[in-house]
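Asks: could you work out the structure for the sequence below:
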Amino acid sequence: MADRYYLKILTKGVHRWNTWRANHPNTRPNFVQVYLCGLDLDGVDFSESNFSEADLTHTILTRANLRQASLKGADLSSADLRQANFVVAQLNGAKLQQTDLRGADFYGASLSGANLNSADLRGAQLKEADLSNVSLRQANLQGVDFSRTALWGADLSEAHLEQANLKGVNLQGATLVGALLAGAHLAGANLNRADFRHACLSGADLSRATLRGANLGEALLKEANLSGADLRWAELIKVVLHASNLRGADLKGAILDKADLSASDLNNADFSMASLKGADFYLASLDGAILRGADLRGANFSGANLTRTDLVGADLCGINLTGALWER
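Replies: Below you'll find the model as predicted:
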């Protein structure tokens, strides 16, 4: 339970509290399970304080200093946390849904298992934070820098991640169903077994990313960069990859039935043993591509460049080669 001594000082106002903290820098205030719902605590210094399981719903904590504070299991739903300092803070299992976290600093903070559904994190600092198994459904993360952030197992369904920096980030097993990632930077990211169904990744950079076993069913990846990406055993049924770059990508055993690969650069891509039934390769370039043992039944290769394409053992039943350039 919270220490009444600290509560008595706090009731005298933020200025009095901050003055007391400045005179007692080594104190670690105890606010465990405290109820401070709806208070205006703008600019308060709660650094290194313990707010485990506290109720801070609807509280105004703009510009608050919560550096190294413990907020494990705390409820901050609908709180105003703009520009708050959460550096190295512990927020494991905290409730932060519908919070305003614009410009907040979570550098090195631990938010594993926290709920940030519908939170606004535009301009927030999340470098080196632990966001594993966090829920960020419908959260606004446009342009956020996730450098060296752990996001494995996170739920980002329908989240706004346009132009976000996710280069090299670990999103293994994450859920991004219906997420908006247009123009996002995912080069070299670990996306193995991630769920991108119905997500929008148009213009996104996924070069050299690993997507083994990922699900991109009906996702939109127009003009995306997947050069050198590892998509082995990925599911891409009805995916739209129009005018995308998959040069040198590895798609062995992938399922691309009814995929739109029109006008795409597929040069030197490996589709060995892949399922491409009814796929559209209209005007695509497959120079040096490998389709050994691939199921191409009903695929459309009209106007495609099949120069040096390896089709040994592929099922070509019912394919359309009208106007295709290929070597017999």
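Asks: so where is the stretch 201-328 of the chain shaky, pLDDT-wise?
Replies: Applying pLDDT under 70 to the stretch 201-328 of the chain flags residues 328.
Asks: quick one, strands of it?
Replies: For the stretch 201-328 of the chain, the strands defined by DSSP state E, counting those that start in this stretch cover 305-306, 325-326.
Asks: over to the stretch 51-200 of the chain?
Replies: Secondary structure of the stretch 51-200 of the chain (DSSP E, counting those that start in this stretch): no strands located.
Asks: now do the helices in it.
Replies: Assigned by DSSP state H, counting those that start in this stretch, the stretch 51-200 of the chain shows no helices.
Asks: burial of the residue nearest to Tyr35 when sequence neighbours are not counted, as a residue count?
Replies: Residue nearest to Tyr35 in three dimensions, not counting chain neighbours: Asp55, with 4.7 Å by Cβ to Cβ, 6 or more residues apart in numbering. Placement of C-beta: from N, CA and C, glycine included. Other residues lying near Asp55 total 18 when counted by other Cβ atoms under 10 Å.
Asks: surely Asp55 and Gly38 touch.
Replies: No: checked against Cβ atoms under 8 Å, the pair Asp55 and Gly38 is beyond contact range at 9.8 Å.
Asks: and Thr62, how far from Leu76?
Replies: 13 Å (Cβ to Cβ, to the nearest Å).
Asks: ok, now Ala22?
Replies: According to Cβ to Cβ, Ala22 and Leu76 sit 25 Å apart.
Asks: between these two, tell me which one has more neighbours.
Replies: Just comparing Ala22 and Leu76: by other Cβ under 10 Å the higher neighbour count belongs to Leu76, 29 against 9.
Asks: phi, psi of Arg16?
Replies: Note on Arg16: backbone dihedrals following degrees, to the nearest 10 are phi -60, psi -40.
Asks: and the one 3 residues further on, by the same measure?
Replies: Here the main-chain torsion angles of Thr19 (degrees, to the nearest 10) amount to phi -70, psi -40.
Asks: residues in contact with it?
Replies: Residues counted as contacts of Thr19 (Cβ atoms under 8 Å, 6 or more residues apart in numbering): none.
Asks: pLDDT score assigned to it?
Replies: On pLDDT, Thr19 comes in at 98.
Asks: in the stretch 51-200 of the chain, where is pLDDT below threshold?
Replies: For the stretch 51-200 of the chain (pLDDT under 70), the answer is none.
Asks: could you measure from the residue nearest to the spatial centre of the chain over to Ala174?
Replies: Ranked by distance to the mean C-alpha position of the chain (Cα atoms, centre = their mean), the top residue is Leu156 at 6.0 Å. Taking Cβ to Cβ as the measure, Leu156 falls 6 Å from Ala174.
Asks: again, but for Leu96
Replies: For Leu96, the distance to Ala174 (Cβ to Cβ) stands at 18 Å.
Asks: one step back: shouldn't the residue nearest to the centre of the chain be in contact with Leu180?
Replies: No: between Leu156 and Leu180 there is no contact under Cβ under 8 Å: 9.9 Å.
Asks: columns distance to Glu235 on top of the strands of the stretch 201-328 of the chain, output as JSON lines?
Replies: JSON lines is the format used below for the strands of the stretch 201-328 of the chain (distance: least, Cβ to Cβ, whole Å):
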{"stretch": "strand 305-306", "distance to Glu235": "25"}
{"stretch": "strand 325-326", "distance to Glu235": "28"}
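Asks: would JSON lines of the ones you listed with distance to Phe196 and mean neighbour count be doable?
Replies: Output for these, formatted as JSON lines (distance: least, Cβ to Cβ, whole Å; neighbours: other Cβ atoms under 10 Å):
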{"stretch": "strand 305-306", "distance to Phe196": "28", "mean neighbour count": "20"}
{"stretch": "strand 325-326", "distance to Phe196": "32", "mean neighbour count": "14"}
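Asks: closest one to Leu221 among the ones you listed?
Replies: Nearest of those to Leu221, taken as Cβ to Cβ: strand 305-306 at 20.6 Å.
Asks: how far is that closest one from where the chain is centred?
Replies: 35 Å (Cα atoms, centre = their mean, to the nearest Å).
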